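Trainee: please work out how this folds:
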Amino acid sequence: MAYNTPNPALSFEYWLNKAVEWGQATTLESQQDVCLHLPKLHEFLHQIYETLKQMSFTAAIQRFPLIGQLVGRLCWNPFVVAHDECQKILMWCLCCLYSKEPQNPVELKANEWIWNLLRHLLSSSELGGADVCPFLLTLGCTPAGCYSELVKNMVLSLVTELKGNLLNGLNIQGRISADRVHAMSVLCTPLLTLPEIAPLLEALLTRCDWGLQEVLSVQFLEAVNEALLQKKIDLSKSAVLCLWLRHLPSLEKAALHLFERLISLQDQSLGDMECIIKDSLLLQTVHHPSVFKIVDEIFRNALLETDGSSKVLTIIQVFTQCFVQAHQEDNRKHKLPLKTYFPHNHPSLVMALLSQPLDLPPAGWCQHLKRIAEMLKSATEDTSDRSHRILFEHWFLLIHFGVWIDIAAELLLTSETETSDTLLWLLAFYYNPHGSEQRTQILMTQTAETASEVSNMLARTAHSLSILGLKNQRQIKLALELLQEIQSV
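Mentor: You can find the predicted model right below:
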């Protein structure tokens with residue numbers, strides 16, 4: 001018979017006639033005929049695919065002028081697409097026909113046709129009910145179940161191709177081309193919120209053997225990032241990390257998205273900030289130095305642009321607390337020490353600030369704060385040309401570990417200490433690092449800016465007292481009353 005010939009061009013007319021004859025297989029006779037010919041159809045489609053994958057779109061159309069009619073008719077035949085192997089090969093053929101950079105109106109139109117065909121194949125409503133798939137229903141297959149299996153089969157075939165394995169006897173080993181991977185990412189873009197697509201997203205994002213040039217579509221990377229931020233998809237930490245490392249604009253957008261959520265909070269609740277941060281994907285990936293650097297740079301710019309806004313100071317402090325806590329709970333064997341994330345400061349100052357108040361007895365807090373203040377004074381007294389940058393870097397570091405500033409404020413509120421001058425200097429440096437004349441006194445002038453700073457300080461102090469589990473209920477009550485009074489002004 002004509003369709004037994006190994007040359008796909010010679011059997012093309014036979015299968016096109018068959019596709020026209022079958023239509024959408026609405027009669028029992030056509031359904032039986034489709035089922036009878038499925039094995040040979042699969043063999044033919046595989047031959048077509050092996051030929052198409054070596055061609056451009058223009059060359060494919062010249063070789064097979066009616067390829068669109070054949071593939072289109074077969075994709076609309078529910079009995080053909082219900083056959084696993086035929087459905088997979090049809091998907092592969094569509095990917096081969098897609099032009100990643102269309103050069104003319106014909107290629108643009110063809111791309112649009114491929115999009116529509118994929119939407120049809122991946123739409124559960126299109127699989128219909130008893131009037132469209134009576135044969136499937138008699139076998140106990142629901143339209144939704146058929147749809148799910150259809151998508152899973154497509155994803156499995158593409159993931160297997162990405163990994164370069166054997167699939168049901170078909171040898172598809174070998175290095176897949178960059179163009180092929182790019183085409184997959186483009187075709188995947190409008191479908192990425194489907195739960196069944198997740199394995200393909202993972203495979204595309206985590207395949208990192210393409211050298212310096214990015215092969216995935218920029219639109220794909222941006223769409224995945226947007227879906228992640230809107231919580232429309234759920235990917236592994238490794239896949240998210242790969243996304244952000246290979247496309248830094250997505251990482252920057254994720255960091256800005258988190259910052260905007262935190263800055264938009266109307267009250268001073270540090271608990272709400274902690275919940276938002278711990279729920280973010282950034283906290284799960286910030287252990288990577290590149291991610292931490294980008295996030296920290298956004299904090300740095302926000303600090304400069306707002307001239308040290310007290311709310312920005314609080315956001316940086318709470319994020320750092322959550323990061324340190326997550327780092328300590330991380331059981332990975334080869335995790336980086338915390339001091340490596342702050343390379344611009346002296347290690348002894350970093351280690352002193354990294355010490356947690358809970359790790360020291362309360363009686364030793366004053367001496368520890370005195371040590372921190374002395375190191376800061378020594379580091380910021382430099383009069384060279386680099387003094388301004390050094391001053392900022394040390395101020396920025398202190399902001400990260402503002403919990404010690406809260407402890408200093410708490411000690412001034414709750415006890416008499418011989419180191420009051422040191423604590424006052426530390427507080428003044430924190431709120432105004434450039435004002436040398438103001439480092440020996442506390443402001444409570446009732447300007448709106450100062451009231452906001454004091455309000456944030458009191459909120460953090462009350463929060464710290466609660467976390468530390470101290471029996472200073474009177475001091476907590478005092479801080480909260482002062483906070484309420486300031487906020488009502």
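
Trainee: mind listing the strands for the protein?
Mentor: Applying DSSP state E to the chain gives strands spanning 166-167, 170-171.

Trainee: for those, which has the smallest mean pLDDT value?
Mentor: When these are ranked by mean pLDDT, strand 166-167 comes last with a mean of 40.

Trainee: residue 190 and residue 115 touch, don't they?
Mentor: Yes: using Cβ atoms under 8 Å, residue 190 is in contact with residue 115, at 6.8 Å. For glycine as for every other residue, the C-beta is placed from the backbone atoms N, C-alpha and C.

Trainee: elements contacting the helix of greatest length in the chain?
Mentor: Selection of the longest helix in the chain by residue count, based on DSSP state H, yields helix 28-52. Packing partners of helix 28-52 (3 or more Cβ pairs under 8 Å, 6 or more residues apart in numbering; DSSP states H and E): helix 8-22, helix 67-75, helix 78-81, helix 84-97.

Trainee: domain map for the protein?
Mentor: 2-174, 248-331, 342-487 (automatic domain parsing).

Trainee: what does the longest helix of the chain contact?
Mentor: Contacts made with helix 28-52 from outside it, assessed by Cβ atoms under 8 Å, 6 or more residues apart in numbering, are listed as 3-4, 6, 8, 11, 15, 18, 21-23, 25, 60, 63-64, 67, 74, 77, 79-80, 83, 85-86, 89-90, 92-93, 96-97, 135, 170.

Trainee: any idea of the mean pLDDT in it?
Mentor: Mean pLDDT, computed over helix 28-52, is 86.

Trainee: quick one: contacts for residue 220?
Mentor: Residue 220 makes contact with 185-186, 188-189, 192, 204, according to Cβ under 8 Å, 6+ apart.

Trainee: and residue 215, by the same measure?
Mentor: Residue 215 neighbours (Cβ under 8 Å, 6+ apart): 178-179, 181-182, 185.

Trainee: one more pass at 10 Å, please.
Mentor: 176-185, 204, 207, 209, 246 (Cβ atoms under 10 Å, 6 or more residues apart in numbering).

Trainee: top of the residues you listed by neighbour count?
Mentor: Each of these was scored for neighbours by other Cβ atoms under 10 Å, and residue 204 scores highest at 26 neighbours.

Trainee: excluding sequence neighbours, find me the nearest residue to that one.
Mentor: Closest residue to residue 204 apart from its sequence neighbours, by Cβ to Cβ, 6 or more residues apart in numbering: residue 185 at 5.7 Å.

Trainee: give me the pLDDT value at residue 319.
Mentor: The model reports residue 319 with a pLDDT of 95.

Trainee: report the lowest-confidence entry in the contacts of residue 215.
Mentor: Across those, the smallest pLDDT goes to residue 209, namely 63.

Trainee: re earlier: need the buried ones from the contacts of helix 28-52 selected in ChimeraX.
Mentor: Per 16 or more other Cβ atoms under 10 Å, the buried members of the contacts of helix 28-52 correspond to this ChimeraX selection:
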select :3,8,11,15,18,22,25,60,64,67,74,77,79,80,83,85,86,89,90,92,93,96,97,135,170
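
Trainee: coming back round to it: between the contacts of residue 220, which is closest to residue 352?
Mentor: Nearest to residue 352 out of those is residue 204 (Cβ to Cβ; 44.7 Å).

Trainee: contacting residues around that closest one?
Mentor: Counting by Cβ under 10 Å, 6+ apart, residue 204 makes contact with 158-159, 162, 181-182, 184-185, 188, 192, 215-217, 220-221, 224, 239, 242-243.
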